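Undergrad: Okay, sequence plus prediction incoming.
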Number of protein chains: 2
Amino acid sequence: MFQVFRKYVAGKIALTEQQFDRIQSLCIIKKLRKKQYLLQEGDTWKYHAFIASGCLRTYSVDEKGLEHIISFAIENWWTGDKESLMLNQPSKYNIDAVEDSEVILFTDSNFQLICSEMPQFNDMVNMILQRSFVASQSRIHAAISYTADEKYLNFIDKYPGFTTRIPQSMIASYLGITPETLSRVRKLSAKK
Amino acid sequence: MFQVFRKYVAGKIALTEQQFDRIQSLCIIKKLRKKQYLLQEGDTWKYHAFIASGCLRTYSVDEKGLEHIISFAIENWWTGDKESLMLNQPSKYNIDAVEDSEVILFTDSNFQLICSEMPQFNDMVNMILQRSFVASQSRIHAAISYTADEKYLNFIDKYPGFTTRIPQSMIASYLGITPETLSRVRKLSAKK
DNA sequence: CGATTCTTTGAAAACAGTCAATCTGTGTGG
DNA sequence: CCACACAGATTGACTGTTTTCAAAGAATCG
């Protein structure tokens, strides 16, 4: 299980056996059943979470009870609520498992410890953050520029792996459209 | 002019006179007239840009010629196209001045140099990136969850300073709605 | 002051959302 | 193994919001 993370890190930076052992000693391994929460609205998020297997979603629930999915994260991705962590305030979001999942958690202090002990690790984290930021920009662009069908086509083009794993209603929520609209969009685009 | 940047940095980290001089020696100061481009679609972005005064926008132009504003940046903010810079590829975006502006440019290599010579500077940059990421998440949330009028109310609440400086048509573009819709939304919300 | 640009307004059309019913597939318990 | 229940997806009819197009009205700048 930790091997997944090890392999992921090894693919990005060079660390010694001892360093990997050190990291392992500072992490918490957690298994989540489908639908199980990793974070609930109102709780304060304290971790950095790496997904070894499965799929999680981060979403908010509005006054009408509608869910709005901020992000999906599958194996070899990171998740969490940076806003809650940075500002040490209750989260506006929920995170739960879309499938049975395995996550590796680092408390923020342990994570900072690793970053300071291993500069390459820190650099890796910053690189990931940069990429996350670029991905966010791209999603903003799609959200403000595209029609419903363009949003969907862009999504399946960019994240082909997700389409089969994630219920359509959740993809709709991620795209900011209703499940019914997504269904109709799919029907029309299948004609081509 | 460099003083603005100096003050900004001094408010976040402690640097010596010599370090500030060093930074100054590595930057390029550039004045932009209103409407002047800092980056044009197709060019590859090579810098890190700090805005000392004025206001810039980053936007894409679609096939129909419509502009979609990805971000605004005013004094004491950073701008640029991280995607183009990171991947060393032609930009999909344009950046131009909404008002006459003064920007401080660092080539990426000079910027990395400063980051490696001054670890606090590097930490500051990472902190800014984290905040930018959190702001992006928040914008995504608004874009997929809110109606036109909620988007506008959220915007003026979050960026009250922008409302007066930026033409309404640009705010509409930033929110992903038409100028006509924004005009109507404003009329209705003024009734309260 | 004139010209240009931005904003507002109106009417019609397009698009996406809502509500309700039906259909499909999956998994569970009898 | 079948029947049933449940969740998710689809479909239809309708409503409501937003866009589009066009024109008129402010505001701004040289």
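TA: Looks like it came in fine. Numbers count the residues shown, from 1 in each chain, chains lettered A, B, ... in the order given.
Undergrad: so how many other residues sit close to residue A:136?
TA: Counted with other C-beta atoms under 10 Å in any protein chain shown, residues neighbouring residue A:136 total 20. Every C-beta, even on glycine, is put in place using the N, C-alpha and C of the backbone.
Undergrad: show me what contacts the spatially most central residue of chain A?
TA: The centre of chain A sits closest to residue A:73, judged by C-alpha atoms, centre = their mean, with a distance of 3.0 Å. Residue A:73 is in contact with A:51, A:55, A:56, A:57, A:58, A:79, counting by C-beta atoms under 8 Å, 6 or more residues apart in numbering or on different chains.
Undergrad: need these in a markdown table with secondary structure and distance to residue B:171, can you?
TA: Listed next are those as a markdown table, based on DSSP: H, G, I helix; E, B strand; the rest coil; distance: C-beta to C-beta, whole Å:
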| residue | secondary structure | distance to residue B:171 |
| --- | --- | --- |
| A:51 | strand | 37 |
| A:55 | strand | 36 |
| A:56 | strand | 34 |
| A:57 | strand | 31 |
| A:58 | strand | 28 |
| A:79 | strand | 32 |
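Undergrad: Pull out the buried residues from those.
TA: A:51, A:55, A:56, A:57, A:58, A:79 (16 or more other C-beta atoms under 10 Å in any protein chain shown).
Undergrad: Please give the element, helix or strand, for the residue nearest to the centre of chain A.
TA: Assigned by DSSP states H and E, residue A:73 belongs to strand A:67-74.
Undergrad: where does chain A dip in pLDDT?
TA: Low-confidence segments of chain A (pLDDT under 70): A:191-192.
Undergrad: Return the residues of it in contact with chain B.
TA: Residues of chain A lying close to chain B by C-beta under 8 Å from any C-beta of the partner chain are A:60, A:62, A:68-71, A:82-83, A:86, A:126, A:129-134, A:136-141, A:143-145, A:173-176.
Undergrad: follow-up on the earlier one: so in terms of bridging, what pairs with the residue nearest to the centre of chain A?
TA: residue A:56 (DSSP bridges).
Undergrad: Can you give the domain ranges for chain A?
TA: Chain A breaks down by automatic domain parsing into domains covering A:2-131, A:146-192.
Undergrad: Tabulate the ones you listed (TSV), appending distance to DNA strand C.
TA: Converted to TSV, those look like this (distance: least, C-beta to the nearest atom of the strand, whole Å):
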stretch	distance to DNA strand C
domain A:2-131	7
domain A:146-192	3
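Undergrad: what's the closest of those to DNA strand D?
TA: domain A:146-192 (3.2 Å; C-beta to the nearest atom of the strand).
Undergrad: Helices of chain A, residue ranges please.
TA: In chain A, the segments counted as helices under DSSP state H are A:2-10, A:17-25, A:82-87, A:108-117, A:119-145, A:148-158, A:160-165, A:168-175, A:179-190.
Undergrad: I'd like to know how many residues surround the closest residue to residue A:169 other than its chain neighbours.
TA: Closest residue to residue A:169 apart from its sequence neighbours, by C-beta to C-beta, 6 or more residues apart in numbering or on different chains: residue A:179 at 4.2 Å. When neighbours are defined as other C-beta under 10 Å, residue A:179 has 14 of them.
Undergrad: quick one on the thing from earlier: same list (the contacts of residue A:73) but as TSV, adding distance to residue A:90.
TA: Formatted as TSV, these follow (distance: C-beta to C-beta, whole Å):
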residue	distance to residue A:90
A:51	23
A:55	25
A:56	19
A:57	19
A:58	15
A:79	18
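Undergrad: Out of the residues you listed, which is nearest to chain B?
TA: Among these, residue A:58 lies closest to chain B (C-beta to the nearest C-beta), at 8.6 Å.
Undergrad: so who does that closest one touch?
TA: Contacts of residue A:58 by C-beta under 8 Å, 6+ apart are A:39, A:69, A:70, A:71, A:73, A:79, A:81, A:93, A:94, A:95.
Undergrad: before we move on, what about residue A:50?
TA: A:5, A:8, A:76, A:77, A:78, A:103, A:104, A:105, A:106.
Undergrad: Of the residues you listed - the most surrounded one?
TA: Most neighbours among the contacts of residue A:50, by other C-beta under 10 Å: residue A:103, with 28 neighbours.
Undergrad: Pull up the gap between that one and residue A:13, please.
TA: 21 Å (C-beta to C-beta, to the nearest Å).
Undergrad: and if you look at residue A:142?
TA: In terms of C-beta to C-beta, residue A:142 sits 31 Å off from residue A:13.
Undergrad: and these two? which has more neighbours close in?
TA: Neighbour count, other C-beta under 10 Å: between residue A:142 and residue A:13, residue A:142 has more, with 20 against 15.
Undergrad: what's the burial count for the closest residue to the more buried one other than its chain neighbours?
TA: Leaving aside its sequence neighbours, residue A:142 sits nearest to residue A:154 (C-beta to C-beta, 6+ apart; 5.3 Å). Applying other C-beta under 10 Å, we find 17 residues neighbouring residue A:154.
Undergrad: go on, residue A:35?
TA: Residue A:35 has 10 nearby residues by other C-beta under 10 Å.
Undergrad: Contacts (any at all) between DNA strand D and stretch A:33-40?
TA: No: contact of stretch A:33-40 with DNA strand D (C-beta under 7 Å from any atom of the strand) is absent, the minimum separation being 8.8 Å.
Undergrad: How far off centre is that stretch?
TA: 13 Å (C-alpha atoms, centre = their mean, to the nearest Å).
Undergrad: what sits up against that stretch?
TA: Here stretch A:33-40 makes contact (C-beta under 8 Å, 6+ apart) with A:30, A:32, A:45, A:49, A:56, A:58, A:79-81, A:84, A:91, A:93-100, A:103.
Undergrad: ditto for stretch A:81-100
TA: With contact meaning C-beta under 8 Å, 6+ apart, stretch A:81-100 is reached by A:31-47, A:54-61, A:70, A:72, A:79-80, A:108, A:165-167, A:170, B:130-131, B:133-134, B:137-138.
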